[in-house]
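Student: Here is my input; please provide its structure:
(one chain, ligands or ions: 1)
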Amino acid sequence: MPNPPPDLQTLREFSAAIGADPLIIQAAGGNTSVKEGAVMWIKASGKLLADARAKDIFVPVDLPAIQTAIAEHHPRADQPAEFALAGSLQPSIETSLHAVFSQRIVVHVHCVNTLAIVIRPDAQAILVDRLQGFDWAFVPYVKPGAQLAALVAKALGSKTNVMLLGNHGLIVAAETVQAAQALLTRTIAALQAPARALRAPDPVALDGYATPDFISLPGDHPAHQVALSDDLTAAAGAGSLYPDHVIFLGIGVTLLAPGETVSLAAARRKAAGLTPPLLLLVPGAGALMRADATPGALALARCLGDVLLRLPLGVAVQTLTPEQNGDLLNWDAEKYRQALNAG
Ligand SMILES: [Zn+2]
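Tutor: Next up is the predicted model:
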């Protein structure tokens, strides 16, 4: 086992803090890393950043080896486990994304204020306005992993330390944990949008649709909000907006037609070749969730509400294509993460 860098402990504290904030990190999403010479310590796949203080969730990987694999477009670059130097944990499936940055500390988050912008087709124009004074770049959506890392590497200028990922999230990079923390705070502040006023769900109407398998979420759960504004219902109904939604909640969401039962909606999804429903929206009433939903699914249901509440009225969103959904669900590295989520 290589010796951990002296500031790994500081990174663990910072990782646990952002991991506990659902507006920045949801479930096992997001990851942090620190480079020390030829070794990069990165969060393990399927582990929660929130656990970074209490548990050992960082894996050392061979940095020059993975950098070479990315540069050569070698398929190994998408098998981060091949670069692990010790331990039984698998490095994050986004390890390659960290390896292409020259800075020591890299922090990748699925911040809801960022997502509310990068799911829009006009994301770049908004970012130009919001990120004046930052050394930033934007890359459009491609599947997370080596392909995205190669795209990010191409977009990096000599001083770029803020990277926006279309339909995905945000990366900040710095030489110290403190500088990364300050940059993350400053970037999120610049991207911040006010959340819409909350509307009250209709528990009586929801009870009319609920079954033992699909139950109403708590009244203050943000996912209800997606069902309570026509434009947000339409945005969610258009399809999946970012990868972890697909991984933890399945493809898109299910909108219940007036009077439609949960089992009819499930059959409709099945006939369309979609994943089984986990989150059901009853337009005008609120949201139902599978009674046995995992903590990961619940975190991503909350995320959908938190993201869409920050969408200005009537703006368009860009969804993942059926092929992009399929690529995520059929990816071995993601199947490992899904299996860990299922416990
Ligand atoms: Zn990500």
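Student: Please make it C-alpha for all contacts and neighbour counts, starting now.
Tutor: Noted.
Student: Can you show me the strands along the protein?
Tutor: Remark: strands assigned in the chain by DSSP state E are 31-36, 39-43, 58-62, 105-109, 136-139, 162-165, 169-174, 214-216, 254-255, 279-282, 286-290.
Student: could the ones you listed go into a markdown table alongside distance to Gly208, mean neighbour count and mean pLDDT?
Tutor: A markdown table is the format used below for the strands of the chain (distance: least, C-alpha to C-alpha, whole Å; neighbours: other C-alpha atoms under 10 Å; pLDDT from 0 to 100):
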| stretch | distance to Gly208 | mean neighbour count | mean pLDDT |
| --- | --- | --- | --- |
| strand 31-36 | 41 | 25 | 98 |
| strand 39-43 | 43 | 26 | 98 |
| strand 58-62 | 46 | 25 | 97 |
| strand 105-109 | 38 | 26 | 98 |
| strand 136-139 | 44 | 20 | 98 |
| strand 162-165 | 40 | 23 | 98 |
| strand 169-174 | 37 | 26 | 98 |
| strand 214-216 | 10 | 21 | 97 |
| strand 254-255 | 15 | 22 | 96 |
| strand 279-282 | 10 | 26 | 97 |
| strand 286-290 | 11 | 26 | 97 |
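Student: Among the ones you listed, which comes closest to Gln79?
Tutor: Minimum separation from Gln79 across the strands of the chain (C-alpha to C-alpha) falls at strand 58-62, 11.6 Å.
Student: just the angle between the closest one and strand 31-36, please?
Tutor: 50 degrees (axes from the mean of the first three to the mean of the last three C-alpha atoms, to 10 degrees).
Student: what's strand 58-62 packed up against?
Tutor: Applying 3 or more C-alpha pairs under 8 Å, 6 or more residues apart in numbering; DSSP states H and E, we find strand 58-62 packed against strand 39-43.
Student: ok, 10 Å please
Tutor: strand 31-36, strand 39-43, helix 95-99 (3 or more C-alpha pairs under 10 Å, 6 or more residues apart in numbering; DSSP states H and E).
Student: Dump those to TSV, plus distance to Gly314.
Tutor: What follows is the helices and strands packed on strand 58-62, written out as TSV (distance: least, C-alpha to C-alpha, whole Å):
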stretch	distance to Gly314
strand 31-36	32
strand 39-43	38
helix 95-99	33
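Student: Tell me which of those approaches Trp331 most closely.
Tutor: Between these, helix 95-99 lies closest to Trp331; by C-alpha to C-alpha that is 15.4 Å.
Student: Extract the CA atoms of the closest one and return them as PDB.
Tutor: In PDB, the C-alpha atoms belonging to helix 95-99 read as follows (Å, rounded to 0.1, in the frame of the first residue of the first chain):
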ATOM      1  CA  THR A  95     -11.400   7.800 -12.100                       C
ATOM      2  CA  SER A  96     -10.300   8.700 -15.600                       C
ATOM      3  CA  LEU A  97     -12.100  12.100 -15.200                       C
ATOM      4  CA  HIS A  98      -9.800  13.000 -12.300                       C
ATOM      5  CA  ALA A  99      -6.700  11.700 -13.900                       C
END
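Student: how about TSV for the strands of the chain, with distance to Leu49 added?
Tutor: Below are the strands of the chain laid out as TSV (distance: least, C-alpha to C-alpha, whole Å):
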stretch	distance to Leu49
strand 31-36	7
strand 39-43	7
strand 58-62	10
strand 105-109	10
strand 136-139	24
strand 162-165	20
strand 169-174	15
strand 214-216	28
strand 254-255	29
strand 279-282	24
strand 286-290	25
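Student: This completes my enquiry, with thanks.
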